[in-house]
Every structure is written in structure tokens, then in C-alpha cells.
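Q: Quick one, structure for this:
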Amino acid sequence: MKKALILTTMVSLLGACSSGPARTTSYLLARPEQTATVDFNTATQVIILAPVSMDSLLENQGIVYQTSATETVVAHQHLWAESLTTQLSRRLLNGLRQSQDEYWVMRSNPQMNTPSAPRLLVSFSQFNGSYLGNAVISGDWTLLNGQGDLLQSQPFLYQEPLASDGYPALVNALSKATDRLTVELSQSLTGSKTAARFLLPAARKSGPDFSGSGQRETGSVKSR
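A: Numbering: from 1, shown residues only. Have a look, this model is predicted:
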């Protein structure tokens, strides 16, 4: 009996050693469809997009999934290939540039002289799958003028159903939900009330100073 127990234990240990580490899969948000090539124009109002912020749970490399009304898990084998902050900041930037030509969205850059440019801040509190079969994103966005005064602030919540089971479908649904947020932002920022508060005629005539000596980058805006 003792020899049989030892043999069984050895077989179990050998099996565990040969199985190796669990396989991991890395994901990027789905590539959005590019509808037009857009360039900067000095006559276009500039908006500075601050780096996206998010709750600490979403800063994990693993994809977050809500398993019940009160429980959430972070995947160990299904990971983001690039930080969500970087992916979402880039996706919002490109999406807002593609969706309109009334303003030019730029990343914050200390080398640019843009003290009067409005600032757009976007914060995510949810960016995860749900046991209800949806991808869920939520948070809020805020628009400040160059002096830091509040111009507009609004929460957002989008739920996108998964086309099928599995993490690839979840990533695709999260991508679609993010694009819906981009549409909301574009429509809100170009709305008559908001535009009237920060798209001033004087501001439209000048672009950002890239050199510190008053020289401005030139280009053209191509309509879709």
C-alpha cells in the first residue's frame, strides 16, 4: 500500500511538471474604421485631450469581468497587450479627429504653448465584461477652459451585447462601446451651447504655438 501511494505521488508530480505554465492570450481593442484623412489647420480650434484616467481595478493587465452583482474577477490568462490608458487615449483622440472638422484634438504636450486651449478629461470607472452578457463602460467626461473653469461635465454609461461567448467577443464589444462614447463626445463638443462658450472667433484665428516663437504648424482639413 505504501509503495503504491509513493508511485501514485510520483506520477502526479511528473504530470504536473510536464503540463507547463498556463497559456496566456493578449488582446488589443479592435481597429476602428478610418473614414477620412484629417490634418491640422491653423483656423481650427484646438482642444487638448488629457491622458485617460481610470479606477485602480482597471489598471491591471488582466481583462476585468463581473461575475455577479457583487463579484468581479481579473483574468490571469487573458491580458491587455497594451495598457488601457494608452489604448483608450489613442482611440478617443483619433475618433474625435475623424468625426468632425470644427476642432483639432491634440495630446497634452509641455512643449506646446496652448494656455488658452480647452482641456478634455475622460475618466473610466467601468471597462469590463458582465455576467449579463454585455460589455460595460462607464465614467464621466469634463471640459475645462484654458483657465480651468468648468464648461461642461457629463457621466456616460454604455452596454454593448456580446456577439458570442469568449474574450475576443468581449474585446470587440468593448471597442464598439468606446466608439459610441466617441460619438457622444463629438456631438456634445460641437453642440451649439458648448461651442458658443469656447469656440470664440478670436480663438479660431490662431493655432497652437509649437516653437515658442509664434510660428504655427500649417496643414489642411479634408472634409469627408
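
Q: drop to CA atoms for contacts and neighbour counts, all remaining ones
A: Noted.

Q: Strands along this protein, start to end?
A: 25-27, 45-49, 53-54, 62-66, 72-80, 103-107, 119-130, 134-144, 150-161 (DSSP state E).

Q: Taking the centroid of the chain, which residue is nearest it?
A: Leu88 (1.7 Å; Cα atoms, centre = their mean).

Q: show me the contacts for the closest residue to it other than its chain neighbours.
A: Closest residue to Leu88 apart from its sequence neighbours, by Cα to Cα, 6 or more residues apart in numbering: Val52 at 6.8 Å. When contacts are counted by Cα atoms under 8 Å, 6 or more residues apart in numbering, Val52 touches Thr85, Thr86, Leu88, Ser89, Leu121, Val122, Ser123, Phe124.

Q: Need the strands of the chain in JSON lines (columns: mean neighbour count, mean pLDDT and distance to Thr182).
A: Formatted as JSON lines, the strands of the chain follow (neighbours: other Cα atoms under 10 Å; pLDDT from 0 to 100; distance: least, Cα to Cα, whole Å):
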{"stretch": "strand 25-27", "mean neighbour count": "14", "mean pLDDT": "97", "distance to Thr182": "21"}
{"stretch": "strand 45-49", "mean neighbour count": "24", "mean pLDDT": "91", "distance to Thr182": "12"}
{"stretch": "strand 53-54", "mean neighbour count": "18", "mean pLDDT": "96", "distance to Thr182": "16"}
{"stretch": "strand 62-66", "mean neighbour count": "21", "mean pLDDT": "97", "distance to Thr182": "21"}
{"stretch": "strand 72-80", "mean neighbour count": "17", "mean pLDDT": "97", "distance to Thr182": "21"}
{"stretch": "strand 103-107", "mean neighbour count": "21", "mean pLDDT": "90", "distance to Thr182": "12"}
{"stretch": "strand 119-130", "mean neighbour count": "22", "mean pLDDT": "97", "distance to Thr182": "11"}
{"stretch": "strand 134-144", "mean neighbour count": "20", "mean pLDDT": "97", "distance to Thr182": "11"}
{"stretch": "strand 150-161", "mean neighbour count": "16", "mean pLDDT": "96", "distance to Thr182": "11"}
